[in-house]
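Undergrad: coords please:
(one chain, ligands or ions: 3)
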Amino acid sequence: MTTILATADSMREQIRRSSKLKGRQPDAASLAEVEALIGARPPDGYRRDLLIEHLHCINDAYRCLRERHLVALAKLMNLAMAEVYEVATFYHHFDIIRGDREAPVLTIRVCSGLSCALAQGDELLQRLPALLGRTDLRIISTPCVGRCEQAPVAVVGQFPVAKATPDRVIAAVQANQSRHPTAADDGHWHAAQLSDPQVAAATRLETSLPNPSDTGSISPAYTGYASYRTLGGYALAASVAASLLGPDSETRVIQTLQTLDDSALRGLGGAGFQAGRKWRIVREQPGPRLMAVNIDEGEPGTFKDRTYLERDPHRFLEGMLIAAQIVGIESCYIYLRDEYHGCRAILETELARLHADPPCPLPHIELRRGAGAYICGEESAMIESIEGKRGEPRMRPPYIAQVGLFGRPTLEHNFETLYWVRDILERGAAWFSDAGRHGRRGLRSFSVSGRVRHPGVKLAPAGITLNELIGEYCGGMLEGHILYAYLPGGASGGIFPATLADVPLDFDTLQPHGGFIGSAAVIVLSQHDRARDAALNMMQFFAHESCGQCTPCRVGTAKAVQLMQAPIWDLETLEDLNTVMEDASICGLGQAAPNPVRCVQNYFAHEVR
Ligand SMILES: Cc1cc2nc3c(=O)[nH]c(=O)nc-3n(C[C@H](O)[C@H](O)[C@H](O)COP(=O)(O)O)c2cc1C
Ligand code: SF4
Ligand code: FES
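TA: Ligands and ions are numbered 1, 2, ... in the order given. Okay, here's the model as predicted:
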């Protein structure tokens, strides 16, 4: 019999507690500066998993990470400098500066995602440096920031400029507007209002998100804690908690899981795994069990989670609490992408209110901040990131339901999956499952952007076709644009021609055509666009965001970018790359990267011959 003496992590932790920092030593001033930001040393030392949070504190305060601060942080946390450095350099939002070079006064990020590129975002990026004429600013391109319905988007510090023009960006810079505006908490809104099939198309347009008459508010009023409770919020979570303490506890669990199964609720982060089944699997694992909530929303074209979160945060939190109660979860970690500064402020405020007046016993809840890495949306990479490490996906098995966060069984869910839990349990499974069209079941929140008249989040029946979605929910195509192609599932889901616009959009329906719906990020192209440009944009994104762990993905995506820039594609070499990326990549990024290329080869060959 083999006896396991220690895991690599536990040995590292042991060494960490006793070892001394090698190489460069910290100076007293830097130690004091870092300690002032991350707080005094707790009795049992700083938590290793909070490394990224600590890096954020320093990066926010100094607008960069200086080596002397990294050395001080390593010393305080008792980590090897290499460990701090490898994490700091992994995330795009940490700006490491050597020596005493000045940090930029402000960073302006211009989105280079496809929907922004269609709206001349690239031109904005090129023109801004000369127009601003300042050397103390840093103007860089950034992948999709999750506001594609407001394209093109620039972000001045933390202030998003919707439908950005040079004038608007310059005005924000001159007004020193670099913080996300605070939202009012007196809104009354929830997504299910949009689900009524009786609502006529015109009314539906008026109530769609964002409302076409509202020119891109970036801080809509949201339903705060008091309003949410007044409107009946948390009564369900309280009732589930009470039942679980009583003699009928097992019956309540069985009923809840059965309702979830009957509703056909599937994971809405992209993979579409049945929610009820996932809860059962994790519930069967030995405790303590943990939950990780995925609000990384990095898939280009996706903005549904932000849209709901910035209007109705407690519906999601109630879903999270119910999931925690039914599955027996001890701690919940909410991982929010760094770009969503407004949502972070809302969650901080509303979590504090929830804790101040809990409707039922609460699990331990932590809000974690991403740092600009798409790959951290992949569930195991997200877990690594919550543990304070580089966001590198893990090999499976073991699956995270068995061995996940901190080695514990973990229930991981997309924000929106949890958002629907309360409505499904209160209104009944059929309310959700009966909503589908063309033989499909459920509701889907399509993030629609590109060449349509009214882009936004469209809560529509699963199985709706693109033609129906554009006609009934988006007010048609933009003036002067005719449908040419569309991306049904962001960067990874492929590119389809207009001839496939009558295929039902749902999990499982697009695979036969070489794509998938993923997070339902629909980007619409017209006769003025080329599918090859869209595919190149996606491959550049993958090359930028590959975590670099596996060679086929790291090298293959970069090589494909080169090949796809040639007027005539070398199809044989591209297909070689496709095969090796698909077969030998650890995670979905590398496995799905060939999709846009193959779709161009299959459906738009005339563009690359
Ligand atoms: C490269 C990659 C990126 C992903 N990004 C996200 C993301 O931003 N948000 C999300 O919820 N799921 C994302 N996923 C899916 C997650 O791995 C996981 O399936 C999901 O969070 C599970 O929750 P669900 O069952 O509620 O969908 C991504 C997957 C891959 C392969
Ligand atoms: S496929 Fe790409 S992103 Fe995924 S683990 Fe490998 S290198 Fe990282
Ligand atoms: S916000 Fe620019 S493409 Fe999504």
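Undergrad: check contacts around D262.
TA: Residues in contact with D262, defined by C-beta atoms under 8 Å, 6 or more residues apart in numbering, are A429, A430, S433. All C-beta atoms are positioned from the backbone trio N, CA, C, and that covers glycine.
Undergrad: now it: how far from T256?
TA: 11 Å (C-beta to C-beta, to the nearest Å).
Undergrad: please apply the same query to I386.
TA: Applying C-beta to C-beta, the value for I386 to T256 is 26 Å.
Undergrad: for stretch 329-348, the distance to its chain's centre please.
TA: Between the centre of stretch 329-348 and the centre of its chain there are 11 Å (C-alpha atoms, centre = their mean, to the nearest Å).
Undergrad: quick check: mean pLDDT of it?
TA: For stretch 329-348, mean pLDDT rounds to 98.
Undergrad: only the buried residues of it, if you could.
TA: Neighbour-count burial for stretch 329-348 flags 329, 331-347 (criterion: 16 or more other C-beta atoms under 10 Å).
Undergrad: let me see the contact set for the residue in the stretch 101-250 of the chain that ligand 2 sits nearest to.
TA: When distances are taken as C-beta to the nearest ligand atom, the stretch 101-250 of the chain reaches nearest to ligand 2 at P143, 13.8 Å away. By C-beta under 8 Å, 6+ apart, the contact set of P143 is C111, S112, G113, G298, P300, Y374, F541, H544, E545.
Undergrad: cool, and L536?
TA: Applying C-beta under 8 Å, 6+ apart, we find L536 in contact with V561, M564, Q565.
Undergrad: how far away is the closest residue to ligand 3 within the stretch 251-400 of the chain from D261?
TA: At 5.7 Å from ligand 3, P300 is the closest residue in the stretch 251-400 of the chain, using C-beta to the nearest ligand atom. With the distance defined as C-beta to C-beta, P300 ends up 32 Å from D261.
Undergrad: and the two? Which one has more around it.
TA: P300 (28 against 17; other C-beta atoms under 10 Å).
Undergrad: in a helix, that one, correct?
TA: No. Counting by DSSP: H, G, I helix; E, B strand; the rest coil, one finds P300 to be coil, located in no helix.
Undergrad: what does the stretch 451-600 of the chain put close to ligand 1?
TA: Counting by C-beta under 6 Å from any ligand atom, the stretch 451-600 of the chain comes close to ligand 1 at C587, G588, L589.
Undergrad: out of the helices and strands in this protein, which is least certain?
TA: helix 8-18 (a mean of 61; mean pLDDT, DSSP states H and E).
Undergrad: returning to what we had before: could you turn the buried ones of the contacts of D262 into a PyMOL selection?
TA: Entered in PyMOL, the line below selects the buried ones among those, by 16+ other C-beta under 10 Å:
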select buried, resi 429+433
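Undergrad: just the ones of the contacts of D262 in helices?
TA: When DSSP state H defines the helices, the subset of those inside them is A429, A430, S433.
Undergrad: wait, which of the residues you listed is closest to L478?
TA: L478 has its nearest neighbour among the ones in helices among the contacts of D262 in S433, at 34.1 Å by C-beta to C-beta.
Undergrad: so what's that closest one up against?
TA: Going by C-beta under 8 Å, 6+ apart, S433 touches D262, S263, A264, R441, G442.
Undergrad: neighbour-wise, which one of these leads?
TA: Taking other C-beta under 10 Å as the neighbour criterion, S263 ranks highest of those with 28 neighbours.
Undergrad: what residues are up against that one?
TA: Shown in contact with S263 (C-beta under 8 Å, 6+ apart): I424, A429, A430, W431, F432, S433, G442.
Undergrad: let me know the closest of those to ligand 3.
TA: Of all those, G442 has the smallest distance to ligand 3: 25.0 Å, by C-beta to the nearest ligand atom.
Undergrad: shouldn't that closest one be in contact with A430?
TA: No. Using C-beta atoms under 8 Å, G442 is not in contact with A430; the gap is 10.9 Å.
Undergrad: which among the residues of the stretch 451-600 of the chain next to ligand 1 gets closest to L459?
TA: The closest of these to L459 turns out to be G588 (C-beta to C-beta; 25.4 Å).
Undergrad: what's the closest non-adjacent residue to the closest one?
TA: Leaving aside its sequence neighbours, G588 sits nearest to E378 (C-beta to C-beta, 6 or more residues apart in numbering; 6.2 Å).
Undergrad: and stretch 133-142, average pLDDT?
TA: Average pLDDT, stretch 133-142: 95.
Undergrad: what is the end-to-end distance of that stretch?
TA: 20 Å (C-alpha to C-alpha, to the nearest Å).
Undergrad: how much space separates the nearest residue to T107 once chain neighbours are set aside from L55?
TA: The shortest distance from T107 to any non-neighbouring residue, by C-beta to C-beta, 6+ apart, is to R138 (4.6 Å). Using C-beta to C-beta, R138 is found at 18 Å from L55.
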